[in-house]
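[1] A predicted structure for the sequence below; I have some questions about it.
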Amino acid sequence: MANRGRHEFSVQEAVNMDSFVSWNYEELNLHSTDTDACTFITKEDPAKKVIIYNKPGSASATIEDTDVLSLTINGASAPGILKIDATDLPFTITGMMVTSLSVTTSDNDGTEAVSVLSFH
């Protein structure tokens, strides 16, 4: 029996997606025009639940209410990119295996940052 991934749990636990082995916290600085990707969410260690929220402790890094975040989940192409308003944070992705996650912002003024909490 494997010790990581979806084979570690019983069939019922794996189907329900309610069992987690580990978790990771990561801060994504959206300061550049490039997409910022989560390094802890990979095909080898997919996340069962992901929570995206404003970076705590720094008012200057807060996403503005007028910003739109584009979430690329599992390498989706342009029509499959999920767009959410900053007022929707915290935002939870659950019920699917997330093998990659990238975040960009619509208004990059050099101060935006979000935190990502992933459960594996």
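    That came through fine.
[2] Past the helix or strand of the chain with the lowest mean pLDDT, which element shows up next along the chain?
    Every helix and strand of the chain was ranked by mean pLDDT, DSSP states H and E. The lowest is helix 11-16, at a mean of 61. Next along the chain after helix 11-16, taking DSSP states H and E as the criterion, comes strand 23-29.
[3] C-alpha coordinates for that following strand, PDB please?
    Provided in PDB are the C-alpha atoms of strand 23-29 (Å, rounded to 0.1, in the frame of the first residue of the first chain):
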ATOM      1  CA  TRP A  23      -1.000  20.500   4.600                       C
ATOM      2  CA  ASN A  24       1.000  23.300   3.200                       C
ATOM      3  CA  TYR A  25       1.000  27.100   3.500                       C
ATOM      4  CA  GLU A  26       2.300  29.300   0.800                       C
ATOM      5  CA  GLU A  27       2.200  33.100   0.000                       C
ATOM      6  CA  LEU A  28       1.900  34.100  -3.600                       C
ATOM      7  CA  ASN A  29       3.300  37.600  -4.300                       C
END
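[4] and whichever helix or strand comes after it, average pLDDT?
    The helix or strand immediately downstream of strand 23-29 is strand 36-37, counting by DSSP H and E. Average pLDDT, strand 36-37: 84.
[5] just the angle between the following helix or strand past strand 36-37 and strand 23-29, please?
    Proceeding N to C from strand 36-37, the next assigned helix or strand is strand 47-54, under DSSP H and E. Angle, strand 47-54 to strand 23-29, by axes from the mean of the first three to the mean of the last three Cα atoms, to 10 degrees: 40 degrees.
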